[in-house]
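Visitor: got a predicted model here, sequence first, then my questions.
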Amino acid sequence: MSLTKSPFPPIADYAFLSNCHTGALIAPDGSVDWLCVPAFDSASTFGNLLDREAGSFRFGPYGINVPTHRSYVPGTNVLTTTWHTPGGWLRVTDALTMGPRTGPDRVTPHTRPPADDDAEHILVRLVECLEGSVEVELICEPAFDYGREPAKWTLVDEGGHVAEATGSGQTFQLSTDMSIGLEGSSARARHTLKAGEKAYCALSWAEEFAAPTNVDDATERIDRTVNFWRRWLARARIPDHPLRHPLERAALTIKGLTYMPTGATVAALTTSLPETPGGERNWDYRYTWMRDTTFTLQALHFLNLDWEADEFMQFVADLEPDQDGGLQIMYGIDGRRDLTESTRDELSGYEGARPVRLGNGAFNQRQNDVYGAVLDSLLLHTRRNQHLPRRLWPLVKAQAEGALASWREPDQGIWEARGAPQHYVSSKLMEWVALDRAAKIAAIREDLELEKTWAAAAEEIKADILEHGVSDRGVLRQHYDTDALDASTLLAAIFGFLPGSDERMKATVDAIASDLTEHGFVLRYVTGETDDGLSGKEGTFLICSFWLVSALSVVGEREQATDLLERLLRIASPLGLYAEEFEVGRSRHLGNFPQAFSHLALIEAAARIILADRLEELSL
């Protein structure tokens with residue numbers, strides 16, 4: 001727990017809620033500090049995460065800001081917060097509610113087949129006095145369009161229990177069984193509860209502003225949401241193993257970052273949470289990266305979540321390619337191509353980290369690794385389903401041809417460096433993956449000519465990497481013109497580029513473990529040795545540390561892999577979540593939160609540990 005005077009809560013102290021259309025972050029004091037409606041990438045309505053005047057929504061005990069205990073209802077993304085006050089004990093339950101589908105979703109229309117349950121487009125907050133008496137406070141102060149426009153409030157019922165907020169072309173309703181008072185841009189309520197009494201409030205952006213009508217209705221909606229998450233998790237294959245709980249939380253987080261209408265997965269819930277405290281490394285991650293596809297498919301198939309895997313692949317199949325048939329490195333969750341970047345200079349940024357960015361200027365960068373990510377996903381999907389849908393074969397050919405045409409060219413690399421293009425080893429590696437997987441898919445289709453052509457090209461790329469991408473000490477380089485290390489070369493182990501017994505693979509893993517770490521946690525690269533077009537130092541990257549767990553497992557360092565995974569599990573947030581980075585010196589999470597890539601890599605690393613344990617048991 002941080003004891004600094006920053007008005008911003010530590011990133012890792014936020015709780016994550018989701019309805020698979022959007023998500024919310026709730027601070028320990030009970031304030032909703034981040035919520036974009038109706039979708040993940042909409043403008044924020046509550047944006048205190050990025051500026052302490054950009055909108056918040058608190059529901060909790062009056063005058064008490066530090067809770068006694070916070071936890072998820074087991075097996076769900078529903079939050080409970082318990083408070084001890086001078087007068088008694090209070091419990092608040094928060095949920096972005098899910099319910100049975102009753103017809104077409106006109107708020108966020110679906111392009112995928114709708115499931116039996118869907119988002120209600122309501123945030124429900126339920127409070128119960130457990131003992132004594134407690135004064136409860138509600139303060140709802142939206143600021144639309146990332147804080148630009150304070151809400152204009154109107155009471156819409158005679159009893160003063162429903163109020164409407166409008167601004168920047170948006171409208172939602174706040175309903176509660178407490179009496180609402182309007183004070184400028186705020187809606188407020190206070191009420192004293194005695195032991196056994198409950199109260200609720202709900203924020204609705206649903207069609208016709210559907211919302212709970214009383215406390216029993218609010219309770220039922222939360223109960224249905226709990227049941228939704230538990231039924232979903234019951235479909236997942238989670239082995240009975242000490243890693244079961246972190247796997248469950250990671251799975252729930254990935255599902256929570258999935259945009260149900262299209263099947264896309266956002267890289268993170270947020271924009272502009274800093275990778276460097278007070279610095280400029282602040283990016284908008286509310287989009288879907290093609291790089292993530294293979295890690296998403298690996299995780300979903302390991303967990304036996306084949307429906308979600310198929311939804312994601314259908315989203316990829318629907319994407320509009322570039323003129324050469326390749327795919328952009330990222331798309332909007334609705335499939336849009338244009339993610340032009342802008343800044344909101346009036347916002348202070350999290351702890352002064354500026355600029356706050358909307359959109360992502362890397363969307364039109366050249367990153368040759370995208371071909372391998374897509375084709376590895378397609379091979380995984382084909383093997384799992386025992387066939388390749390006809391609509392996906394043109395995508396296979398387009399990605400393979402794109403890899404053939406581009407593998408000799410420099411690019412910006414996996415980390416989207418904003419410096420000069422280079423011959424990044426990880427990009428070449430992923431183009432080897434592209435042609436290797438394309439050849440295997442062609443073999444499944446019994447297209448022997450293409451199989452031969454693509455397999456030969458894969459071997460040519462491999463030979464080029466081993467000739468130009470290995471340093472004199474036998475270690476894979478960051479790019480062809482440097483001996484600097486880069487954690488992305490760990491992918492050579494994860495994707496089977498070299499066997500675990502190969503001395504170059506072992507040397508690379510050992511070099512990264514010893515020379516590219518801070519107290520055992522892995523950096524992407526040394527910023528002083530890399531032209532990424534930015535200033536400032538980074539924290540360690542959590543995905544890279546999880547990759548090292550996997551790579552250590554591949555090269556036979558099982559004990560070292562297990563030790564590192566245990567250390568990574570110990571630095572999870574109080575609610576079991578991960579941001580993008582971990583600042584070792586201050587033991588805090590940095591970057592956008594929660595970060596899908598970190599949780600996907602956790603699942604992959606844990607799967608390797610579990611598999612090794614199971615194989616050992618079988619050999620006894």
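Guide: Arrived safely.

Visitor: report the outermost residue of this structure with respect to its centre.
Guide: Ranking residues of the chain by C-alpha distance from their mean position (C-alpha atoms, centre = their mean) puts Glu158 at the top, at 42.6 Å.

Visitor: which helices and strands sit right next to the longest helix along the chain?
Guide: Among the segments of the chain that qualify as a helix by DSSP state H, the longest is helix 596-619. Using 3 or more C-beta pairs under 8 Å, 6 or more residues apart in numbering; DSSP states H and E as the contact test, the elements touching helix 596-619 are helix 244-256, helix 292-302, helix 542-554, helix 558-570. C-beta: built from backbone N, CA, C; applies to glycine.

Visitor: quick one: secondary structure of Asp382?
Guide: Not quite, residue 382 is Thr, not Asp. Under DSSP: H, G, I helix; E, B strand; the rest coil, Thr382 falls in the helix class.

Visitor: and it, how far from Leu491?
Guide: When C-beta to C-beta, to the nearest Å is applied, the distance between Thr382 and Leu491 equals 21 Å.

Visitor: what's the answer for Arg391, then?
Guide: Counting by C-beta to C-beta, the separation of Arg391 from Leu491 is 28 Å.

Visitor: which one's more surrounded, these two?
Guide: Leu491 (23 against 10; other C-beta atoms under 10 Å).

Visitor: state the mean pLDDT of the helix or strand containing that one.
Guide: For Leu491, the element it lies in under DSSP states H and E is helix 491-494. The predicted model gives helix 491-494 an average pLDDT of 96.

Visitor: I'd like the next helix or strand past that helix.
Guide: Sequence-wise, the next helix or strand beyond helix 491-494 is helix 503-515, with elements assigned using DSSP H and E.

Visitor: now for that next one, which elements pack on it?
Guide: Helices and strands touching helix 503-515, by 3+ C-beta pairs under 8 Å, 6+ apart, are helix 491-494, helix 542-554.

Visitor: could you identify which of those helices is most buried?
Guide: Greatest average neighbour count among the helices and strands packed on helix 503-515 goes to helix 542-554 (a mean of 26), per mean count of other C-beta atoms under 10 Å.

Visitor: which other helices and strands does it contact?
Guide: For helix 542-554, where contacts count as 3+ C-beta pairs under 8 Å, 6+ apart, the packed elements are helix 491-494, helix 503-515, strand 521-522, helix 558-570, strand 581-583, helix 596-619.

Visitor: one more pass at 7 Å, please.
Guide: Helix 542-554 makes packing contacts with helix 491-494, helix 503-515, strand 521-522, helix 558-570, helix 596-619 when contacts are defined by 3 or more C-beta pairs under 7 Å, 6 or more residues apart in numbering; DSSP states H and E.

Visitor: any idea of the angle it forms with helix 503-515?
Guide: Using axes from the mean of the first three to the mean of the last three C-alpha atoms, to 10 degrees, one finds that helix 542-554 and helix 503-515 are set 140 degrees apart in direction.

Visitor: contacts for helix 542-554?
Guide: 487, 490, 493-494, 500, 509, 512-513, 521-522, 524, 560-561, 564-565, 568, 578, 580-582, 597-598, 601-602, 604-605, 608-609, 612 (C-beta atoms under 7 Å, 6 or more residues apart in numbering).

Visitor: so Thr76 makes contact with Trp229?
Guide: Yes: using C-beta atoms under 7 Å as the test, Thr76 is close enough to Trp229 to be in contact (3.7 Å).

Visitor: where does Gly474 land in three-state SS?
Guide: Reduced to three states with three-state DSSP, the structure at Gly474 is coil.

Visitor: just give me the neighbour total for it.
Guide: The local packing count at Gly474 equals 14, with neighbours defined by other C-beta under 10 Å.

Visitor: quick check: pLDDT value at the nearest residue in space to it that is not next to it in sequence.
Guide: Nearest residue to Gly474 in three dimensions, chain neighbours excluded: Ala507, at 4.5 Å (C-beta to C-beta, 6 or more residues apart in numbering). Predicted confidence (pLDDT) for Ala507: 97.

Visitor: ok, now which ones touch Ala507?
Guide: Contact partners of Ala507, counting by C-beta under 7 Å, 6+ apart, are Arg473, Gly474, Val475.

Visitor: can you count the residues close to the last one?
Guide: Other residues within reach of Val475, judged by other C-beta under 10 Å, total 21.

Visitor: what's the pLDDT at it?
Guide: According to the per-residue confidence, Val475 scores 97 in pLDDT.

Visitor: neighbouring contacts of stretch 591-600?
Guide: Applying C-beta under 7 Å, 6+ apart, the set of residues contacting stretch 591-600 from outside is 11, 14, 16, 250, 253-254, 257, 265-271, 273, 275, 285, 292, 295-296, 299, 542-543, 546, 577-581.

Visitor: thinking again about what came up before, which of the helices and strands packed on helix 596-619 sits most buried?
Guide: Greatest burial across the helices and strands packed on helix 596-619, using mean count of other C-beta under 10 Å, falls to helix 542-554, with a mean of 26.

Visitor: and it, how far out from the chain middle?
Guide: Between the centre of helix 542-554 and the centre of its host chain there is 18 Å, according to C-alpha atoms, centre = their mean, to the nearest Å.

Visitor: do stretch 10-27 as well
Guide: Counting by C-alpha atoms, centre = their mean, stretch 10-27 comes out at 11 Å from the chain centroid.

Visitor: for it, list the C-alpha coordinates in CSV.
Guide: The C-alpha atoms that make up stretch 10-27 are tabulated as CSV, following Å, rounded to 0.1, in the frame of the first residue of the first chain:
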residue,chain,number,x,y,z
PRO,A,10,-2.3,3.2,-6.9
ILE,A,11,-3.2,1.6,-10.2
ALA,A,12,-3.2,-1.9,-8.7
ASP,A,13,-5.7,-0.8,-6.0
TYR,A,14,-8.5,-0.5,-8.6
ALA,A,15,-11.2,-3.1,-8.9
PHE,A,16,-12.3,-4.1,-12.4
LEU,A,17,-16.0,-4.7,-13.3
SER,A,18,-17.3,-5.8,-16.8
ASN,A,19,-20.4,-6.6,-18.7
CYS,A,20,-18.4,-7.6,-21.8
HIS,A,21,-19.4,-4.4,-23.5
THR,A,22,-17.6,-1.9,-21.3
GLY,A,23,-15.8,-2.0,-17.9
ALA,A,24,-15.5,0.1,-14.8
LEU,A,25,-12.7,0.7,-12.3
ILE,A,26,-13.6,1.3,-8.7
ALA,A,27,-11.2,2.9,-6.3
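
Visitor: what about Ala103, neighbour count?
Guide: Actually, residue 103 is Gly. It isn't Ala. 8.
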